[in-house]
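Visitor: Dropping a prediction and its sequence here:
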Amino acid sequence: EDQVTQSPEALRLQEGESSSLNCSYTVSGLRGLFWYRQDPGKGPEFLFTLYSAGEEKEKERLKATLTKKESFLHITAPKPEDSATYLCAVQPYSSASKIIFGSGTRLSIRP
Amino acid sequence: GAGVSQSPSNKVTEKGKDVELRCDPISGHTALYWYRQSLGQGLEFLIYFQGNSAPDKSGLPSDRFSAERTGGSVSTLTIQRTQQEDSAVYLCASSLKEASGRAFYNEQFFGPGTRLTVL
């Protein structure tokens, strides 16, 4: 069964304290892996798409990496405005449409 | 430009009533998705529309749920005989059509969601 597991469920960091969020996945052939950011009361906002193991993408203080079993979202020197829930999702080859989301990591950055 | 809009933003209804949720996708986006997000949970795929193709309804949890997309644009998600377990945030997303080759998938743009509460 295709599934996505994110850890930790919640993470509290001090401003400037770098860390990583984990997304472990099991899928019968990976079309792509996606990271989204979701602020309270809003819909998710697209961050990255990764297609194959070894691929990396960066945006400001965020860097996403991908292996055959998991993806990491690295946050370098975070600021309070980086506080949000970060969602990971995968699209299997078996489906042209279905996207499977993890339950997210709630990130809080203290000033 | 305008993003994805959804209405209403909040809906409170009584158990057993029918509700309709509306999604206006970004103009020109041919793909449209509906998801459900329960408190503290990830997004649950419900249904997918792509152009004039038959929709992928594989995520609909029961036959009380249905959706249509008129003219390839606006979509309506209907829940009949609502139950308390239907309470959740319903999110709509749109994207450009899936491209060929490596860039098979385009980023999804989400609306703000409709918070449904069934009493």
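Guide: Noted; the coordinates are in hand. Residues are numbered from 1 along each chain as shown, chains lettered A, B, ... in the order given.

Visitor: going forward, measure contacts and count neighbours with C-alpha atoms only.
Guide: OK.

Visitor: where does chain A come near chain B, residue by residue?
Guide: Residues of chain A lying close to chain B (Cα under 8 Å from any Cα of the partner chain) are A:32, A:41-46, A:49, A:87, A:97-104.

Visitor: Of those, just the buried ones, ChimeraX syntax please.
Guide: Those of the residues of chain A next to chain B that count as buried under 16 or more other Cα atoms under 10 Å in any protein chain shown are selected in ChimeraX with:
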select /A:32,43,44,45,46,49,87,97,98,99,100,101,102,103,104
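
Visitor: what about A:Pro78, neighbour count?
Guide: If you count neighbours by other Cα atoms under 10 Å in any protein chain shown, A:Pro78 ends up with 22.

Visitor: Smallest gap between chain A and chain B, at which residue?
Guide: Of all residues in chain A, A:Ser103 sits closest to chain B, at 3.7 Å by Cα to the nearest Cα.

Visitor: Please name the residues that touch the closest residue to that residue other than its chain neighbours.
Guide: Leaving out its chain neighbours, the residue that sits closest to A:Ser103 by Cα to Cα, 6 or more residues apart in numbering or on different chains is B:Gly42, at 3.7 Å. Counting by Cα atoms under 8 Å, 6 or more residues apart in numbering or on different chains, B:Gly42 touches A:87, A:101-104.

Visitor: Name the strands paired with the helix or strand containing B:Ala93 and say parallel or antiparallel.
Guide: Under the criterion of DSSP states H and E, B:Ala93 resides in strand B:88-95. Strand B:88-95 has these partner strands in its sheet, going by DSSP bridges: strand B:31-37 (antiparallel), strand B:109-110 (antiparallel), strand B:114-118 (antiparallel).
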